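Engineer: Need coordinates for the following:
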Amino acid sequence: MAVRNRQKSSAVFKRKKKGSERKYFSCCYWVEKNTILTHFHFVPQIDILEDPVIKNVIVLQTVLQEVRSRSAPVYKRIRDVIGNPEKHFYSFTNEHHRYETYIEQEQGEKSSNDRNDRAIRVAVKWYSEHLKKIQKEENEDIQVIFLTNDRNNKEKALEEGITAYTCEEYIKSLIDNPDLVDRLACVSDEGKEIESGKIIFPEHVPLSKLQQGIKSGIYLQGTYRASRDNYLEATVWVHGDAEENKEIIIQGLKHLNRAVHEDIVAVELLAKDEWVAPSSVVLQDDGQNEDDIEMEEKKENILKISVNKNMLRPTGKVVGIIKRNWRPFCGMLSKSQIKEARRHLFTPADRRIPRIRIETRQADKLEGQRIIVAIDGWPRNSRYPNGHFVKNLGSAGDKETETEVLLLEHDVPHQPFSQNVLSFLPKMPWSITEKDMKYREDLRHLYVCSVDPPGCTDIDDALHCREIGNGNLEVGVHIADVSHFIRPGNALDEESAKRGTTVYLCEKRIDMVPELLSSNLCSLRSNVDRLAFSCIWEMNQKAEILNTRFTKSIINSKASLTYAEAQMRIDSATMNDDITVSLRGLNKLAKILKKKRIDNGALTLSSPEVRFHMDSETHDPIDLQTKELKETNSMVEEFMLLANVSVAQKIYDEFPEFALLRKHPAPPPSNYDILVKAAKSKNLEIKTDSAKALAESLDKAESPDFPYLNTLLRILTTRCMMQAVYFCSGMDSDFHHYGLASPIYTHFTSPIRRYADIIVHRLLAVAIGADSTYPELTDKHKLADLSKNLNYRHKMAQYAQRASVAFHTQLFFKTKGVVNEDAYILFVRRNAVVVLIPKYGLEGTVFFEEKDKPTPKLDYNSEVPSLTVEGTTLCVFDKVKVNITLDASNIQHQKIRMELVEPKVRHMICVF
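Structural biologist: So this is what the prediction gives:
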């Protein structure tokens with residue numbers, strides 16, 4: 001029998017055995033003691049279900065089906081919890097117990113929801129009766145508790161004699177675990193946001209009306225992208241093929257209307273006389289006074305400065321949310337100044353996410369920690385959304401904690417590979433068998449070598465070049481045959497597809513495939529036999545391709561070289577061994593191939609990349625340099641590009657509907673505005689009507705007095721580009737790769753670190769008769785879905801890598817004091833300039849407005865572009881001198897601070 005201990009306000013349960021004294025146990029620790037059945041209105045409280053304290057839970061089939069239809073991510077999380085044997089969570093197929101728990105919808109039940117509520121209550125009653133039989137046999141008391149946040153269902157359950165609680169009631173009763181209360185989601189018993197007080201935001205249009213409005217053209221549907229630089233501005237990328245109004249600007253708090261980055265929203269276009277230009281102002285939300293709406297309105301007025309009519313863009317307002325894409329957010333607690341307050345603001349690490357109001361009793365403990373918070377809702381009367389605490393990650397600034405934050409923030413799957421995944425790896429010791437040799441050529445006699453960065457262990461590719469009898473050259477690109485080890489549809493394949501790409505951070509690598517493959521069996525290390533997929537050309541001395549063939553192969557690399565080692569061999573006057581001769585042949589051909597590409601209009605762009613030198617003991621960065629590229633970097637790149645183009649054409653010829661390809665869309669003309677204006681300010685003309693015209697313009701854009709100018713222009717051109725993407729040939733008609741000036745392209749050369757390449761290997765293997773196909777490989781809709789995930793993973797990996805570089809840059813400058821360096825102005829804003837420091841590849845934003853200090857006189861010219869500050873004019877590409885220091889006053893957002901030394905300007909502050 002259950003006993004309620006009123007004095008403690010806690011749920012406690014009695015377990016009694018014959019011949020023993022009574023013992024009381026707090027709930028949720030032993031499977032014999034109590035069982036909790038959950039209702040689908042419990043979904044917002046998924047973080048509670050995942051807590052280690054909560055055990056012994058039955059999740060009904062009715063609930064799982066409802067959750068699956070409402071939220072795929074929450075459904076997956078519940079399934080993961082059920083799969084954890086330590087949690088003692090079980091699913092009960094109540095809909096398949098025809099005589100005990102299955103029920104039909106009755107007359108008077110207005111919806112399937114009413115029927116499902118009753119089905120849950122029936123299952124709870126049956127389960128209670130079922131357990132009573134066990135209790136009689138073993139003379140034990142087992143309490144069944146029904147948890148629901150649906151008020152009506154709870155009332156009916158109590159009327160029927162079922163022990164029922166809301167989630168909040170139950171969790172607050174667990175006085176031995178008070179921290180659990182912090183993890184409660186902030187919703188009412190009906191699942192609606194609690195609203196009272198002054199209304200700040202317009203009401204959202206109901207989903208049914210939004211759908212009608214989108215169908216009739218009144219509203220536009222798109223993805224909401226918040227600005228990193230201005231918290232009062234966002235853009236909505238409209239879904240669909242229409243070219244008109246593809247990108248809509250949203251400005252002002254009321255027009256943003258509680259949308260959060262990556263939400264799917266409905267937008268209403270404003271009248272043309274209300275259209276605005278993208279803001280040149282850098283505004284960051286300091287969150288000092290969340291109720292000061294008048295201050296927000298003053299900031300909005302800064303955005304409404306008159307601009308050239310040609311700069312106006314389609315402008316709209318968010319009228320409703322079609323789909324929330326909220327996720328758990330990493331950041332830090334901004335503790336309230338009010339003593340013993342429970343309500344505090346959480347500041348996310350990602351500046352595109354608004355601050356979140358949470359309630360916690362652990363503020364003192366969480367201050368200075370990196371924590372995870374989830375959003376529960378955003379009432380109309382609240383400046384910020386409401387949320388709840390999820391997890392403490394560790395101390396801010398700690399290397400392990402910060403790495404965990406950046407991986408979580410960029411949604412990089414980084415958990416250890418499961419035993420199920422590892423079970424599909426080859427058993428060691430592994431060797432090549434006769435079966436493996438079927439459909440393979442033995443190329444172990446060739447002088448193959450690899451050329452990679454120092455310390456590379458996941459060697460995807462190797463090369464060879466040799467003269468053949470007719471005076472022509474045989475050139476081979478040999479790629480690790482990863483698809484031999486990863487077979488379609490098994491757990492290893494599914495995990496690799498989910499991860500999509502290997503992520504390279506400054507100090508660690510998050511592998512797409514287990515290390516046994518990435519650094520051993522698939523890595524084309526020297527002096528060991530390895531399985532490969534080879535693309536072999538016959539070329540003449542002018543690098544013209546006379547014949548192309550593809551074959552699965554077995555190779556034995558004769559040397560694993562770094563770029564520097566390969567370059568040394570090529571340049572050596574004394575080395576003439578077979579590997580060196582092969583490298584020289586490759587290098588000669590690569591130069592011809594590169595010239596041909598550039599003559600065809602391929603772009604040669606620039607992006608500053610940095611390399612850290614780490615202390616061997618502390619693993620802290622002790623030196624920071626921009627990467628130096630050698631001829632051998634270009635040599636390898638040319639043959640990888642050529643192999644990718646050759647394979648793309650082959651798989652498209654064989655599978656015109658199912659080829660996985662990669663394209664690079666041409667940027668819209670407006671993307672080039674900043675580049676054209678910047679060049680014009682230096683009396684140079686950049687033509688952008690085609691990639692070839694752009695490439696030729698950049699080649700001519702030289703200044704004898706300013707040799708770095710061409711590099712700056714190429715860096716700026718890189719910022720104008722669109723993202724290259726994977727796609728299925730049967731779902732698109734535009735295959736062109738703008739940057740490479742190639743009509744067709746794919747990825748074949750890096751299957752250890754890119755899942756796209758594994759699919760391409762499978763297609764190519766089927767095309768040459770070396771492997772068999774499978775249904776998903778020739779399903780263009782599934783390939784399109786796969787491409788979407790790969791594009792997302794690739795983008796997130798890039799962002800994670802940049803974040804890792806930024807963090808290690810801060811570590812580098814932490815002990816350097818003040819460093820004085822040359823810099824160049826890259827962009828000019830209305831109240832700031834962005835500078836680049838070539839030596840370190842660093843960018844910083846120099847603000848000319850500082851809180852609580854007089855605002856200097858600013859004159860912004862968008863045409864030049866330039867910014868005049870108190871009489872000193874700063875233009876794009878101006879060379880300046882800065883002092884660099886680390887500002888660690890804000891642990892959450894430590895900044896590289898740069899003081900402008902030359903020219904001397906009053907009222908400025910610079911952050912990275």
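
Engineer: how about low-confidence regions in the stretch 51-200 of the chain?
Structural biologist: Counting by pLDDT under 70, the stretch 51-200 of the chain shows low-confidence ranges at 135-141, 187-197.

Engineer: All the helices of it, residue numbers only.
Structural biologist: For the stretch 51-200 of the chain, helices defined by DSSP state H, counting those that start in this stretch occupy the ranges 61-70, 72-82, 112-138, 151-159, 167-172.

Engineer: Return the residues in contact with the most centrally placed residue in the chain.
Structural biologist: With the centre of the chain defined as its mean C-alpha position, the nearest residue by C-alpha atoms, centre = their mean is residue 796, 2.9 Å away. Going by C-beta atoms under 8 Å, 6 or more residues apart in numbering, residue 796 touches 410-412. C-beta coordinates here come from the backbone N, C-alpha and C atoms, glycine included.

Engineer: do that again at 10 Å, thanks
Structural biologist: By C-beta atoms under 10 Å, 6 or more residues apart in numbering, the residues touching residue 796 are 407, 409-413, 500-501, 503.

Engineer: what do you get for residue 449?
Structural biologist: The contact partners of residue 449, by C-beta under 10 Å, 6+ apart, come to 462-464, 478, 524, 526, 557-561, 565-566, 569, 578-580, 582-583, 586.

Engineer: Need the nearest residue in space to it, chain neighbours excluded.
Structural biologist: Ranked by C-beta to C-beta, 6 or more residues apart in numbering and with sequence neighbours excluded, the top spatial neighbour of residue 449 is residue 559, at 4.2 Å.

Engineer: in the stretch 651-800 of the chain, which spans are strands?
Structural biologist: Taking DSSP state E, counting those that start in this stretch as the criterion, the stretch 651-800 of the chain carries its strands at 660-663, 725-728.

Engineer: what comes up buried for stretch 653-672?
Structural biologist: Residues 655, 658-664, 666-667, 672 are the ones in stretch 653-672 that count as buried (16 or more other C-beta atoms under 10 Å).

Engineer: Also stretch 853-864?
Structural biologist: Buried residues in stretch 853-864, counted by 16+ other C-beta under 10 Å: 856, 858, 860, 862.

Engineer: right, and the helices of the stretch 51-200 of the chain - which one's nearest residue 786?
Structural biologist: Residue 786 lies closest, by C-beta to C-beta, to one member of the helices of the stretch 51-200 of the chain: helix 72-82, at 16.5 Å.

Engineer: quick revisit: out of the buried residues of stretch 853-864, which are inside strands?
Structural biologist: 858, 860 (DSSP state E).

Engineer: Could you single out the nearest of the buried residues of stretch 853-864 to residue 651?
Structural biologist: Nearest to residue 651 out of the buried residues of stretch 853-864 is residue 862 (C-beta to C-beta; 46.7 Å).

Engineer: returning to what we had before: restricted to buried residues, select the contacts of residue 449 in ChimeraX.
Structural biologist: Here is the ChimeraX selection string for the buried members of the contacts of residue 449, based on 16+ other C-beta under 10 Å:
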select :462,463,464,478,524,526,557,558,559,560,561,565,566,569,579,580,582,583,586
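
Engineer: Mark which of the contacts of residue 449 are part of strands, please.
Structural biologist: 462-464, 478, 559-561.

Engineer: TSV for the residues you listed, including pLDDT and distance to residue 389?
Structural biologist: Formatted as TSV, these follow (pLDDT from 0 to 100; distance: C-beta to C-beta, whole Å):
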residue	pLDDT	distance to residue 389
462	97	51
463	97	53
464	97	58
478	98	52
559	96	55
560	96	49
561	96	51
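
Engineer: Quick one: the residues you listed as a markdown table, columns for distance to residue 71 too.
Structural biologist: Listed next are these as a markdown table, based on distance: C-beta to C-beta, whole Å:
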| residue | distance to residue 71 |
| --- | --- |
| 462 | 46 |
| 463 | 49 |
| 464 | 52 |
| 478 | 46 |
| 559 | 53 |
| 560 | 48 |
| 561 | 51 |
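
Engineer: Let me know the closest of these to residue 334.
Structural biologist: Of all the ones in strands among the contacts of residue 449, residue 334 sits closest to residue 560, with 50.5 Å by C-beta to C-beta.

Engineer: so how far is residue 204 from that closest one?
Structural biologist: Plainly put, residue 560 is 59 Å away from residue 204 if you go by C-beta to C-beta, to the nearest Å.

Engineer: For the stretch 201-350 of the chain, which residues score under the pLDDT cut-off?
Structural biologist: The model of the stretch 201-350 of the chain has pLDDT under 70 over residues 242-245, 286-309.

Engineer: Now do the strands in it.
Structural biologist: In the stretch 201-350 of the chain, the strands defined using DSSP E, counting those that start in this stretch lie at 220-226, 233-238, 247-251, 264-269, 315-323, 329-334, 343-348.

Engineer: Can you list the strands that the fifth one pairs with?
Structural biologist: Read it as strand 315-323. Within its sheet, and counting by DSSP bridges, strand 315-323 is paired with strand 247-251 (parallel), strand 264-269 (antiparallel).

Engineer: For the shortest one, buried residues please.
Structural biologist: Spelled out, that is strand 247-251. If you call a residue buried by 16+ other C-beta under 10 Å, then strand 247-251 has these buried ones: 248-251.

Engineer: Distance to residue 695 for those residues - can I get that in a markdown table?
Structural biologist: Shown next, in a markdown table, are those (distance: C-beta to C-beta, whole Å):
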| residue | distance to residue 695 |
| --- | --- |
| 248 | 32 |
| 249 | 31 |
| 250 | 35 |
| 251 | 36 |
